[in-house]
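Colleague: with the sequence up front, the predicted model follows.
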Amino acid sequence: MKMKIINTSVIILSIFVSLLLSSCVQADNEFKHDSTIISQMICKASHGSSEFLGKIYEYDKDDNLMDGEFAQKVVEGGYGLIVFQIPQTLQDDVDLTNIYVVATLSWDQSITPSLSGKHDISGDGMIITVKSGVGTTRYYRVRGEYD
């Protein structure tokens, strides 16, 4: 009798788990985005300090600088350059080798390496990869300079 109860419990639990797992579905295509474009990026020396907005330059696959509004398809295969121009008077306060960077992305985009923590954007800066919700990628060089 006890074995029958255990077998019944295992069967019921198996059915419940299989129903639970089968209810997971992929996102509809209308919720997947192919955009790999960063809309805004800021940097700051510390969490409570002033923010500096980066100037974003977008290039297509033929190294043509894009101007104004453009579609994702136009820049596919290209790259981006983000430059932070820090006033020369703040050189002692803003260390480009140890700075926070924050990007504005679509909800299904991701950046590697992660932007958490401080980064070195001096000299040639760093290269990040933006991955869209459908798996397309775009590379950005992020660097700072004293102006």
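Modeller: That came through fine. Numbers count the residues shown, from 1 in each chain.
Colleague: doesn't residue 143 make contact with residue 99?
Modeller: No - between residue 99 and residue 143 there is no contact under Cβ atoms under 8 Å: 10.8 Å. C-betas here are computed from N, CA, C, even on glycine.
Colleague: shared neighbours of those two, which are they?
Modeller: residue 121 (Cβ atoms under 8 Å, 6 or more residues apart in numbering).
Colleague: of the two, who's got more company?
Modeller: residue 99 (21 against 18; other Cβ atoms under 10 Å).
Colleague: residue contacts, that one?
Modeller: Per Cβ under 8 Å, 6+ apart, neighbours of residue 99: 43, 44, 45, 118, 119, 120, 121, 144.
Colleague: can you pull the pLDDT of the second one?
Modeller: According to the prediction, residue 44 has pLDDT 95.
Colleague: which residues does it bridge with?
Modeller: For residue 44, the beta-bridge partners under DSSP bridges are residue 100.
Colleague: count the neighbours of it for me.
Modeller: Residue 44: 16 neighbours (other Cβ under 10 Å).
Colleague: distance check, residue 81 against residue 38.
Modeller: Computed as Cβ to Cβ, to the nearest Å, the residue 81 to residue 38 distance reads 11 Å.
Colleague: any common contacting residues for those two?
Modeller: With Cβ under 8 Å, 6+ apart, residue 81 and residue 38 have common neighbours 56, 140.
Colleague: those two: which is more packed in?
Modeller: residue 38 (22 against 17).
Colleague: test my guess that that one contacts residue 129.
Modeller: No - Residue 38 lies out of contact with residue 129 (Cβ under 8 Å); the separation is 11.2 Å.
Colleague: overlap in contacts of those two?
Modeller: Overlap of the contact sets of residue 38 and residue 129 (by Cβ under 8 Å, 6+ apart) consists of residue 140.
Colleague: OK, contacts around residue 55?
Modeller: Here residue 55 is in contact with 82, 83, 84, 85 (criterion: Cβ under 8 Å, 6+ apart).
Colleague: rerun at 6 Å
Modeller: For residue 55, the contact set (Cβ atoms under 6 Å, 6 or more residues apart in numbering) comprises residue 83.
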